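Participant: dropping a prediction and its sequence here:
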Amino acid sequence: MKPVTGVRSRTVVLPTRDVDTDQIIAARFLTTTSRDGLGKYAFYDLRYNPDGSEKPDFALNKAQAKGCGILVAGNNFGCGSSREHAPWALLDYGFEAVISTEIADIFRNNALKNGLLAIIVDADTQQWLLNNPGADIAIDVEAATISLPDGTLVDFSIDAFARHCLIEGLDQLGFLRQQAAAIDSFEENRRCKP
Amino acid sequence: MHNPSTLFEKIWAEHIVVEETPDTPAVLYIDLHIVHEVTTPQAFSVLRENDLGVRRPELTLATLDHSTPTTPVSSFRDLLAAGEGAANQVRKMQQNCEEFGLDLLGYGSGQRGIVHVIGPELGATQPGKTIVCGDSHTSTHGAFGALAFGIGTTEVGHVLATQCLLQRKPKTLAITVDGELPAGVTAKDLILAIIGTIGVDGGTGHIIEYRGTAIRSMDMDQRMTVCNMSIEAGARAGMIAPDDTTLEYLQGRSRAPQGAAWEEAVARWQQLRTDDGANFDQSVSLNASELQPMVTFGTNPGMVVGINDPVPVGNDASFRKALEYMQIESGKPMTENAVDIVFVGSCTNGRISDIEEVVNVLKGRTVADGVRMMVVPGSEQVKMEAEARGLDRLITAAGAEWREAGCSMCIGMNGDIAQPGQLSVSTSNRNFEGRQGVGARTVLASPATAAASAIAGHVADPRVYS
């Protein structure tokens, strides 16, 4: 994974709450055996009509949404299925961060392991962001702050290990493999073995 | 003396390889890893790129369920009934299992089926185990007093390579259900009512323990239905302490301990309960005797209503958007809605007792004109048992389809889908927009309610047919 120290971008806003991972990438696109190239399927049924034409009212289809790397979402973003194709699709689409008041556990884990910043903010900050689509903001992973256009800094909390892995571009499998001696000894000394 | 601890805390502590610190998560040992064709190909690729093998193939249970057709399969060409991508994914899984030395419970094994149906029925799911799978409904296995949760594909790779996961300790939520479920009200109705009460994010960051007399009086299939949908309330895991019902279910199953090992396991499993005085981070209570059959009316499993009650009024944009998608009006009961498709199956309700529940309603009756009813057993073993008892013939005699085992229309990856605008009454777990096909409208219900709706041709109260 390449290091992710922060992102500065305009925002695109999706105020709907409980956006599930089926919305982010529908099951019919999961028959792939690769993690690449899934961006074209991100939010597919929200972006396109059944005849393939774009839905002009959908936030991501608006001209001002092009090039926005930060998605501001309603509460409980990423609920439902554990499919890691959801963060893969968002990253490939061009998003580098998702901000909400609540992000579902499995999606959040998956996102952070792939370098997609899943950031939880307080309700007031979220409301301001929802009310100001296109705001130019900056997320600083090391400082765990979001800098709003007027210079206000908003703190967010992020797991220390997740932050370390993001900043260093650390592969968590590598970290786990360094625990080999402890794993060997755990298996050796277990009272009951599965 | 030890501090009183919860069931979850006991299992967590038993599996800690390296304790968590403020800077690093815990290294948690995994006793059973279940893998299927959809969420593993990219994990096997990572192993290949890093020249790694599977650390404990014998603790890994592999099968095919999501991308498999529900028509008979005896060759690759038959797999194409589910589409070319799906067929290739199945073939890739077969290749990966062969390359990495995993015993695949695939075609010809007689044991293939939905990951969360076969783990328990083989006796591989046991109290006190840590169980993971790249599927959010892994919470199902918690019904046995296991700590079981869904993971992403990166984590699937971690477990394949190291048999461990990096985890922060979650919080705990006690849901106590006392009283007795009234006649015609099932475990599915209870879990829908629970999600309706605490909301689709009510369990986020928590592990649920289900407790109380209503839970104790349930059989294992019912407990699995409850734990299965914990994720629909945002909780990665739901669990129920093991008891005699659990032991009776497991004894004699092929992968359960046998002989002296069984006695030893039982002694250990009997310690697996929350101690008196142990603390939960949150607690919720419900009275089962006040419940009625429940159905969903919106586009998430928390949007539920009693079968005869009017659909509630909601003011915010997300609520209105959901009702618009569903073409449902506030103030009217769901029973006014005509049905196009009825789906019985999935890891929530695809077990033998679910099929029995359907047959009890269907027997001597016929599916209404214009309604397509599909019954999809959760595993090849469920299918064989149902056929041995003649349940399949009662289903087809009523005009419903009896199909091959798999996830089928719960996720619609295999071509089993509803058409745009069609209303599907489904015993599955998710009524998300497009879940059962683009534009499909899903109403979640119990097997009895699904069968009653098939007969009536509209969403129907199963108690009318009992």
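Facilitator: Noted; the coordinates are in hand.
Participant: spit out the contact partners of the closest residue to chain A within the stretch 151-300 of chain B.
Facilitator: Per C-beta to the nearest C-beta, B:Gly152 is where the stretch 151-300 of chain B lies closest to chain A, at 3.7 Å. (Each C-beta comes from the backbone N, C-alpha and C, glycine too.) Contacts for B:Gly152 (C-beta atoms under 8 Å, 6 or more residues apart in numbering or on different chains) come out as A:82-84, A:106, A:109-110, A:113, B:39, B:134.
Participant: spatially nearest residue to the residue in chain A positioned nearest to chain B (excluding sequence neighbours)?
Facilitator: Among the residues of chain A, A:Thr31 lies closest to chain B, at 3.2 Å counting by C-beta to the nearest C-beta. Leaving aside its chain neighbours, A:Thr31 sits nearest to B:Gly85 (3.2 Å; criterion: C-beta to C-beta, 6 or more residues apart in numbering or on different chains).
Participant: then B:Ala81?
Facilitator: Among residues not flanking B:Ala81 along the chain, B:Pro69 sits closest, at 3.9 Å (C-beta to C-beta, 6+ apart).
Participant: helix, strand, or coil at B:Leu28?
Facilitator: Under the three-state scheme (DSSP: H, G, I helix; E, B strand; the rest coil), B:Leu28 adopts strand.
Participant: ok now do it, which residues does it touch?
Facilitator: Shown in contact with B:Leu28 (C-beta under 8 Å, 6+ apart): B:12, B:15-17, B:130, B:164-167.
Participant: and the residue nearest to A:Thr31, which helix or strand is it part of?
Facilitator: In the assignment (DSSP states H and E), B:Gly85 maps to helix B:84-100.
Participant: now the helix or strand just after that helix: average pLDDT?
Facilitator: As assigned by DSSP H and E, the chain's next helix or strand after helix B:84-100 is strand B:104-105. For strand B:104-105, the mean pLDDT works out to 98.
Participant: chain center to strand B:104-105, what's the gap?
Facilitator: Centroid separation for strand B:104-105 versus its chain: 20 Å, with C-alpha atoms, centre = their mean, to the nearest Å.
Participant: helices or strands next to the helix or strand that it is followed by in the packing?
Facilitator: Sequence-wise, the next helix or strand downstream of strand B:104-105 (DSSP H and E) is helix B:115-122. Helices and strands touching helix B:115-122, by 3 or more C-beta pairs under 8 Å, 6 or more residues apart in numbering or on different chains; DSSP states H and E, are strand B:32-35, strand B:60-63, strand B:130-133, helix B:220-228, helix B:346-349, helix B:380-388.
Participant: which one of these is the most hemmed in?
Facilitator: When these are scored by mean count of other C-beta atoms under 10 Å in any protein chain shown, the highest mean neighbour count falls to helix B:346-349 (a mean of 30).
Participant: ok, that helix near chain A or not?
Facilitator: No. Figure legend: helix B:346-349 not in contact with chain A (C-beta under 8 Å from any C-beta of the partner chain); closest approach 12.3 Å.
Participant: now tell me what touches that helix from outside.
Facilitator: Identification of contacts with helix B:346-349 by C-beta under 8 Å, 6+ apart yields B:114-117, B:137, B:140, B:188, B:225, B:228-229, B:376, B:378, B:407-408, B:410, B:426-429, B:446-447.
Participant: considering only the stretch 1-150 of chain B, name the residue that lies closest to chain A.
Facilitator: Closest contact between the stretch 1-150 of chain B and chain A, by C-beta to the nearest C-beta, is at B:Gly85 (3.2 Å).
Participant: which residue is the nearest non-sequential neighbour of B:Val132?
Facilitator: Once flanking residues are discounted, B:Val132 sits nearest to B:Ile151: 5.0 Å by C-beta to C-beta, 6+ apart.
Participant: noted, bye for now.
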